[in-house]
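1. Below are the sequence and a predicted model for it; my questions follow.
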Amino acid sequence: MIIDLPNTKTNQISKRLRALREERGEVATGRVLTFIVVVNDDSADLDEVIRSTHEASREHPARVIVLVSHCDEDSTRLDAEIRIAGEAGASEIIVMHLYGCLPAHRASVVTPLLLPDTPVVAWWPTDAPRNPSADPIGALATRRITDSLSDADTDALYRRRMTYAPGDSDLVWSRITLWRGLLASTLDQPPHEQILAAEVYGPEEDPSLDIAAGWLADRLDVPVTRHISGSAKIPEDEDGFPVMPVQRAVLKRGVGDIEVKVVNAATVSVTVVTEGQEKTSRVTLARRAVGDCLAEELRHLDPDHAFGHALRGLVRINRPDRRGRYRKKMRANNALFDGDAAEDPLAYDQVSRR
């Protein structure tokens with residue numbers, strides 16, 4: 001059931017929610033949290049975002065508040081719709097379209113609708129603030145979820161390292177949860193030799209590869225190299241189905257390497273080489289949907305210290321693909337001291353933007 005409330009106010013939304021609960025005999029105490037989703041106009045597929053929250057709510061009944069900002073409108077108004085029953089699963093979903101000056105006051109708009117005495121979780125499906133914990137919506141939440149894969153800033157994950165606060169998390173981290181468990185399980189097999197180095201392969205634009213490398217660098221305390229596989233941002237197998245972001249990982253040991261490699265959308269191979277003897281097995285492992293990642297993030301609302309440590313390991317990653325960019329930046333910096341560069345007023349600005 002979808003109920004439209006055009007040009008409304010938050011108190012009218014609250015009254016309608018109470019009336020619906022009385023009509024249907026429901027109680028709000030069944031909701032375990034308030035889930036705020038912040039969407040900028042045209043920055044995300046709204047239907048897909050709602051579908052993902054719907055899937056996550058099957059495991060975590062919540063009051064879902066989707067804030068959609070329309071900053072290009074002159075008139076200030078609030079249009080809302082309430083989704084319950086089959087349209088919302090075990091939750092109640094409130095979609096609020098903010099026009100005019102309302103997007104600048106999202107925290108004030110959403111506060112009257114927060115469930116009392118329950119945790120608040122905020123999710124930015126696409127473009128997140130540079131510092132989520134300092135954002136007005138983030139300040140209301142005990143858990144803040146971003147998605148660097150969908151962020152317009154290609155270095156969003158590295159910037160997140162600088163502003164990390166307990167309670168921050170990112171879907172690029174939960175996308176590789178099963179992969180991390182598989183890789184860690186390979187180290188339980190004898191012989192238990194020390195890892196000397198590690199390599200990971202995947203798309204250039206997928207931050208899941210960066211956080212995987214940062215996790216290995218922090219946990220193993222060995223040199224980790226991130227290689228580009230040359231595939232698309234979301235890699236696919238031969239049949240066109242999306243695969244795991246970390247397409248290949250190699251743990252180097254003195255007695256032989258351990259390799260975890262994607263075979264297709266549903267399978268990875270695990271190869272363990274020990275003193276010249278090779279053993280290969282296959283494991284079912286598919287790319288996780290956004291709804292599954294959200295459900296995992298909502299299972300534990302305490303700070304994810306493992307994610308914070310993985311962010312700390314980002315600075316230790318060796319990235320051969322960025323050496324060319326670094327050399328160009330150094331040449332541009334040196335050019336500032338040349339006479340020809342001094343005549344170009346844009347030289348310094350071009351360097352600073354890099």
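-> Okay, I see it. Numbers count the residues shown, from 1 in each chain.

2. From now on I want contacts and neighbour counts done on CA atoms only, so please keep to that.
-> OK.

3. Need the contact partners of stretch 222-234.
-> Stretch 222-234 has contacts (C-alpha atoms under 8 Å, 6 or more residues apart in numbering) with 195-206, 209-210, 213, 216-217, 242-243, 245, 247, 316-321.

4. For stretch 235-250, buried residues please.
-> 235-236, 242-250 (16 or more other C-alpha atoms under 10 Å).

5. Out of the contacts of stretch 222-234, name the ones that lie in strands.
-> In this view, the contacts of stretch 222-234 that belong to strands under DSSP state E are 195-202, 317-318.

6. sorry, back to before: closest to Arg144 out of the buried residues of stretch 235-250?
-> Arg144 has its nearest neighbour among the buried residues of stretch 235-250 in Pro245, at 22.5 Å by C-alpha to C-alpha.

7. circling back to that earlier point, among the buried residues of stretch 235-250, which one lies nearest to Ile82?
-> Of all the buried residues of stretch 235-250, Ile82 sits closest to Pro242, with 33.2 Å by C-alpha to C-alpha.

8. Ramachandran angles for Asp135?
-> Backbone geometry at Asp135, expressed as degrees, to the nearest 10, gives phi -70, psi 150.

9. Please read the previous query as pertaining to Glu204.
-> phi -60, psi -30.

10. burial of it, as a residue count?
-> Look at Glu204: counted by other C-alpha atoms under 10 Å, it has 17 neighbours.

11. picking that back up, write a ChimeraX command that selects only the buried members of the contacts of stretch 222-234.
-> Buried residues among the contacts of stretch 222-234 (16+ other C-alpha under 10 Å), as a ChimeraX selection:
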select :195,197,198,199,200,201,202,203,204,205,206,209,210,213,216,217,242,243,245,247,316,317,318
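
12. Can you give me the domain assignment for the protein?
-> 2-146, 174-318 (the TED database).

13. Which stretch among these approaches Tyr158 most closely?
-> Closest to Tyr158 of those, according to C-alpha to C-alpha: domain 174-318, at 7.3 Å.

14. roughly how far out does that closest one sit from the chain middle?
-> 16 Å (C-alpha atoms, centre = their mean, to the nearest Å).

15. Okay, now the unreliable bits of the protein?
-> Per-residue confidence for the chain (pLDDT under 70) gives these ranges: 24-30, 42-43, 73, 86-90, 323-354.

16. quick one on the thing from earlier: dump the ones in strands among the contacts of stretch 222-234 to JSON lines, plus distance to Leu5.
-> Below are the ones in strands among the contacts of stretch 222-234 laid out as JSON lines (distance: C-alpha to C-alpha, whole Å):
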{"residue": "Ile195", "distance to Leu5": "60"}
{"residue": "Leu196", "distance to Leu5": "61"}
{"residue": "Ala197", "distance to Leu5": "58"}
{"residue": "Ala198", "distance to Leu5": "55"}
{"residue": "Glu199", "distance to Leu5": "53"}
{"residue": "Val200", "distance to Leu5": "50"}
{"residue": "Tyr201", "distance to Leu5": "49"}
{"residue": "Gly202", "distance to Leu5": "46"}
{"residue": "Ile317", "distance to Leu5": "51"}
{"residue": "Asn318", "distance to Leu5": "53"}
